[in-house]
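Visitor: based on what follows, work out the 3D shape:
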Amino acid sequence: MNDYLLILKQELVLAVIIFLLLTLKISKDRDNSFWLNLVNILLAINFLSGFFLPQTGALFSGMFQNSELIILEKNILNLGTLIISLQSYNWLKEHRHVPEFYILLLSTLLGMFFMISSANLLMFYVALELSTIPLAAIANFDLDKRKSSEAAMKLIISSAFSSGMLLFGISLIYGTTGTIGFEGISAAISGSPIQIFAFILLLAGFGFKISAVPFHLWTADVYEGAPVAVTSYLSVISKGAILFVLVPVLYSVFKPLAENWYNMVFLLSVVTILVGNLFAIRQDNFKRFLAFSSIAQVGFILVGITGSSQAGSSSVVYFVLIYVFSNLAAFGVVSFVSAATGRELISDYRGFYKTNPVLAWVLAIGLFSLAGVPPTAGFFGKFFLLLAGAGKGNYVLVTIAALNMIISLYYYLRIVKAIFMDPNDQPIESLTVPSFPKLALYICIAGIIFTGFITYVHEYIQSLSTGF
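Guide: This next block holds a predicted model:
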């Protein structure tokens, strides 16, 4: 029983927090300050508890598995969720449904935890739905804004479409292999045309979730319409969880189809980087810009996945960790400014440095890391992704990705130029950052600066990625 509780520790802690919030909500009305302080303390405890008494093993006849790498991946998602919660203080303190927001948010995180630990297609699909349906609800949490409702509708429709493709693929896999367990599927895959077709459906379903081109069309509209906190969560936590699942599915479950899926992922990575970069150049809304930026980042991650090796697996986890710090540094500033002033256009940030120098530097460092400019951690993250992709000897793909890094420099530095150099007759006024958002921004900057230089981080992740 002790092993059972320890293997499920991270899921049980989340479930207890959700139950506690629900109980407190129905028992008595409390002000928003109480909820925000309580939840941030609980999320900090949840994050720290992930490092104590880690236990690996399998449960439910092998349907649920925990390894040291999976525990680390869950800790990364816990950290990202805590940072987003801290950053959302200004927006949530004026909202009338704070506990409901956190109950839905943590329900999606719980689904992601089960999804990462799933070793069975049925558990994977149920966990995927648990992580998706509440997410559509909180995308509509700006209740007085029509765009927020539109974002939720587009998210739920695209999610339903991708789920249908996944289910169709799962049914074909089960029909041709006679099993839905990951180990059984890997042993029974023969590479028949119907199995390849089923895999294409599964890959398309994953493509929708990570916003890979051509399955990305929902992303910019949903990112723009949803509250910034939800956009941050979609961009970092939701996408990271799917990538954590995609790597073992490709490397282990569909290893017999490695030659087939390599060509597919190769094509997806090239078009995803190109489309993400080209559309990011044209954006003026900051959330839409970060949406296409995240699409381009997914393309780089797919380059690392093509490595199909221990280096490929570790580079993806390492990059997601860096991406949490980098993207949330940018989103944190955008979230705070949006909540305080309602301004979300890139043009609004002209002359931002003159009125808000600290926030301007945080935003600039986050953008430098997303662009892969040394010595930020983003440079090391992209370097290891390209190195993993080069491990297959496909230098054409690595060259295309490297050239696109130069393109991305243009649109990231364009914003930095606007912040520090461009004049503005109506600049964003000087803002006072509360303690919680300030702490979140400090965490992000520390992560961007130190994660790349502390070589132990990458070495530790690589040591855990021994199964591939």
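Visitor: show me where the stretch 51-200 of the chain has its helices.
Guide: Secondary structure of the stretch 51-200 of the chain (DSSP state H, counting those that start in this stretch): helices at 68-87, 89-92, 98-117, 121-139, 146-177, 182-188, 193-210.
Visitor: I'd like to know which of those lies nearest to residue 245.
Guide: The minimum distance between residue 245 and these falls on helix 98-117, with 5.8 Å, by Cβ to Cβ. In this view, the C-beta of every residue, glycine as well, is placed from N, C-alpha and C.
Visitor: what sits against residue 249?
Guide: 182, 202, 206 (Cβ atoms under 8 Å, 6 or more residues apart in numbering).
Visitor: can you tell me which of those residues is closest to residue 112?
Guide: Using Cβ to Cβ, residue 206 comes nearest to residue 112 of these, at 14.0 Å.
Visitor: contact partners for the closest one?
Guide: Counting by Cβ under 8 Å, 6+ apart, residue 206 touches 166, 212, 242, 245, 246, 249.
Visitor: which one (most neighbours) among those?
Guide: Neighbour count (other Cβ atoms under 10 Å) singles out residue 212 as the most crowded of the contacts of residue 206, with 26 neighbours.
Visitor: ok, that one touching residue 302?
Guide: Yes - in this structure, residue 212 is within contact of residue 302 by Cβ atoms under 8 Å, at 6.8 Å.
Visitor: next, show the common contact partners of those two.
Guide: With contacts taken as Cβ under 8 Å, 6+ apart, residue 212 and residue 302 have 268, 272 as neighbours in common.
Visitor: give me the residue at the spatial middle of this protein.
Guide: residue 236 (2.5 Å; Cα atoms, centre = their mean).
Visitor: I'd assumed residue 324 was in contact with that residue.
Guide: Yes - Residue 236 is within contact range of residue 324, at 5.4 Å (criterion: Cβ under 8 Å).
Visitor: how close does residue 171 sit to residue 122?
Guide: Residue 171 is 11 Å from residue 122, where distance means Cβ to Cβ, to the nearest Å.
Visitor: which one of the contacts of residue 206 is nearest to residue 297?
Guide: residue 212 (11.0 Å).
Visitor: for that closest one, phi and psi?
Guide: Torsion angles at residue 212 (phi, psi; degrees, to the nearest 10) stand at phi -80, psi 140.
Visitor: same deal with residue 308?
Guide: Here is the backbone geometry of residue 308 (degrees, to the nearest 10): phi 50, psi 50.
Visitor: got the contact list for it?
Guide: By Cβ under 8 Å, 6+ apart, residue 308 lies in contact with 250, 251, 258, 262, 392, 468.
Visitor: same question for residue 304.
Guide: Neighbouring residues of residue 304 by Cβ under 8 Å, 6+ apart: 312, 315, 316, 319, 384, 385, 386, 388, 389.
Visitor: point out where this protein drops to low pLDDT.
Guide: Applying pLDDT under 70 to the chain flags the ranges 1-2, 466-468.
Visitor: any idea where the strands of this protein begin and end?
Guide: 57-59, 64-66 (DSSP state E).
Visitor: and the helices of the stretch 51-200 of the chain: which comes nearest residue 16?
Guide: The closest of the helices of the stretch 51-200 of the chain to residue 16 is helix 98-117. By Cβ to Cβ, the value is 10.3 Å.
Visitor: adding distance to residue 54, write the contacts of residue 249 out as a markdown table.
Guide: Conversion of the contacts of residue 249 to a markdown table gives the following (distance: Cβ to Cβ, whole Å):
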| residue | distance to residue 54 |
| --- | --- |
| 182 | 22 |
| 202 | 30 |
| 206 | 27 |
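Visitor: joint contacts of residue 236 and residue 324?
Guide: Shared contacts of residue 236 and residue 324 (Cβ under 8 Å, 6+ apart): residue 80.
Visitor: about what we covered before: I'd like the helices of the stretch 51-200 of the chain as a markdown table, with distance to residue 374 appended.
Guide: Converted to a markdown table, the helices of the stretch 51-200 of the chain look like this (distance: least, Cβ to Cβ, whole Å):
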| stretch | distance to residue 374 |
| --- | --- |
| helix 68-87 | 23 |
| helix 89-92 | 32 |
| helix 98-117 | 31 |
| helix 121-139 | 35 |
| helix 146-177 | 36 |
| helix 182-188 | 39 |
| helix 193-210 | 26 |
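Visitor: the stretch 201-350 of the chain: helices as residue ranges?
Guide: So, for the stretch 201-350 of the chain - with DSSP H, counting those that start in this stretch - the helices run 219-225, 228-233, 239-248, 258-281, 286-305, 310-341.
Visitor: coming back round to it: who wins on neighbours among the contacts of residue 304?
Guide: Within the contacts of residue 304, most neighbours by other Cβ under 10 Å means residue 315, with 33 neighbours.
Visitor: distance of that one from residue 179?
Guide: Using Cβ to Cβ, we find residue 315 at a distance of 31 Å from residue 179.
Visitor: returning to that earlier point: tabulate the contacts of residue 206 (JSON lines), appending distance to residue 126.
Guide: Converted to JSON lines, the contacts of residue 206 look like this (distance: Cβ to Cβ, whole Å):
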{"residue": "166", "distance to residue 126": "12"}
{"residue": "212", "distance to residue 126": "23"}
{"residue": "242", "distance to residue 126": "15"}
{"residue": "245", "distance to residue 126": "13"}
{"residue": "246", "distance to residue 126": "18"}
{"residue": "249", "distance to residue 126": "16"}
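Visitor: export the helices of the stretch 201-350 of the chain to TSV and tack on distance to residue 437?
Guide: Output for the helices of the stretch 201-350 of the chain, formatted as TSV (distance: least, Cβ to Cβ, whole Å):
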stretch	distance to residue 437
helix 219-225	20
helix 228-233	11
helix 239-248	21
helix 258-281	25
helix 286-305	16
helix 310-341	5
